[in-house]
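A.B. asks: Got a predicted structure plus its sequence, pasted below:
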Amino acid sequence: MARVKTGLERLLADPPAWIHGRRLGLLCNPASIDRRFRHSRLLIAERFPRALRALFSPQHGFFAEKQDNMVESDDLLDPALSIPVFSLYGRTRIPTPEMFAEIDLLLVDLQDVGTRVYTFAMSLAYCMETAAACGKTVALLDRPNPVGGRAVEGNLLRADCASFVGRFPIPMRHGLSLAELALLFNTRFGIGCELKVVPMSGWRRGMFFADTGLPWVAPSPNLPTPASALVYPGQVLWEGTNVSEGRGTTQPFELFGAPYFSLPAIEAEWTANAAAGALLRPVVFEPVSQKWQGRPCRGFQIHVTDPERYAPYATTLRLIQAVLRRHPQEFAWRPPPYEYEHERMPIDLLIGDRFLRRRLEELEPVESLEASWRGELEGFIALRQEVLLYGE
């Protein structure tokens with residue numbers, strides 16, 4: 001198995017000249033660890049005595065304890081270091097200049113999951129914008145994209161669907177590490193802050209998380225395993241529907257279903273239009289929270305049998321159409337609010353194109369949908385070549 005070293009580990013082993021003598025901040029959460037499960041804030045505080053002045057936490061809180069969207073976290077005092085922790089998912093999602101007043105350089109050590117709608121990248125973008133306005137530096141301590149850095153999938157986000165689950169014209173599965181995303185935001189999407197990167201060593205684009213030799217700590221409560229992260233770029237779309245995406249169970253995003261599902265009918269649809277690289281296993285589950293709380297849901301667990309061939313976004317689009325076709329009366333799109341948007345449909349924000357919802361409802365084949373955005377996706381693939389830090 002490969003031995004990948006994260007940006008955190010490389011920073012600690014060989015600190016670059018630009019970090020010395022700087023007052024530091026750190027954007028982190030419980031997944032910000034080294035391979036011995038030691039947290040980055042403690043390691044950085046030990047390596048650079050008295051330099052770490054403030055911490056910042058993304059959605060789900062400093063301890064990743066908050067379950068859902070629009071569940072806010074308060075600022076607090078770190079119990080280990082007695083320095084302030086500023087929540088970037090509380091009274092504001094945009095860091096204020098006052099939060100940056102006591103730092104010169106913001107270190108970012110977050111485990112991203114390679115999906116446009118995952119909000120850590122948006123928190124990063126807002127931090128970069130505030131840093132640019134305040135004359136501060138941002139430094140990315142890079143980590144693997146757990147769903148690989150080779151495959152790119154989906155339509156590009158439209159400007160009228162921009163929100164906290166996506167601001168920039170990128171596809172759902174972008175195939176970039178967080179540092180590569182930061183470079184793209186900075187150079188092609190106009191943020192223009194002073195940006196440093198501490199890249200990984202040993203990571204290659206074809207790797208999935210299981211190939212890295214690194215330990216997995218859930219970056220948020222509903223991505224408990226690499227398997228849940230692998231299906232997330234598609235299964236997150238169920239958040240925009242009345243179908244349970246498995247929240248309130250021990251296998252979120254791997255499970256999906258509803259009390260009204262006819263398993264034989266949906267399974268027949270799947271068999272007729274099966275996506276490569278995955279199998280559906282019929283299940284019954286009962287969420288202890290969220291949609292259909294306390295009610296038995298008939299549904300399926302997605303088992304990825306071949307990550308190289310599995311296309312999560314296209315797979316879930318096909319599954320949504322199967323439910324639309326078999327349960328047109330019972331199926332419904334989730335109404336607002338969603339991620340602080342009170343008028344636009346959640347599914348439109350997730351998909352990133354409000355016209356795609358109508359095309360799904362009209363049961364336009366997924367192959368036709370993919371053909372319609374192939375040109376813009378190829379344009380993105382060409383664009384991202386400018387920021388790639390790692391080879392095959």
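C.D. replies: Nice, thanks for sending it over.
A.B. asks: What about the closest residue in space to residue 327 that isn't next to it in sequence, how many residues nearby?
C.D. replies: Excluding the flanking residues, the one nearest residue 327 by CB to CB, 6 or more residues apart in numbering is residue 260, at 5.7 Å. C-beta: built from backbone N, CA, C; applies to glycine. Neighbour count of residue 260, defined by other CB atoms under 10 Å: 16.
A.B. asks: In three-state terms, label residue 260 for me.
C.D. replies: The three-state assignment at residue 260 reads coil, by DSSP: H, G, I helix; E, B strand; the rest coil.
A.B. asks: Distance-wise, check it relative to residue 320.
C.D. replies: Distance of residue 260 to residue 320, computed by CB to CB, to the nearest Å: 14 Å.
A.B. asks: returning to that earlier point: name all residues that make contact with the residue nearest to residue 327.
C.D. replies: Shown in contact with residue 260 (CB atoms under 8 Å, 6 or more residues apart in numbering): 327, 330, 331.
A.B. asks: Pull out the buried members of those residues.
C.D. replies: Of the members of these, the ones counted as buried by neighbours, 16 or more other CB atoms under 10 Å, are 327, 331.
A.B. asks: which stretches of the chain have low pLDDT?
C.D. replies: Regions of the chain meeting the criterion pLDDT under 70 cover residues 1-2, 273-274.
A.B. asks: Tell me where it has helices.
C.D. replies: 7-13, 40-47, 120-134, 178-187, 226-235, 263-272, 312-326, 346-351, 354-361, 366-384 (DSSP state H).
A.B. asks: can you list the domain ranges for the protein.
C.D. replies: 7-217+383-387, 226-361 (automatic domain parsing).
A.B. asks: Residue 77: neighbour count?
C.D. replies: 11.
A.B. asks: what about the closest residue to it other than its chain neighbours, neighbour count?
C.D. replies: Nearest residue to residue 77 in three dimensions, chain neighbours excluded: residue 84, at 6.2 Å (CB to CB, 6+ apart). By other CB under 10 Å, the residues close to residue 84 number 16.
A.B. asks: residue contacts, residue 84?
C.D. replies: 54, 55, 75, 76, 77, 78.
A.B. asks: how about a cut-off of 7 Å?
C.D. replies: Residue 84 makes contact with 54, 55, 75, 77, according to CB atoms under 7 Å, 6 or more residues apart in numbering.
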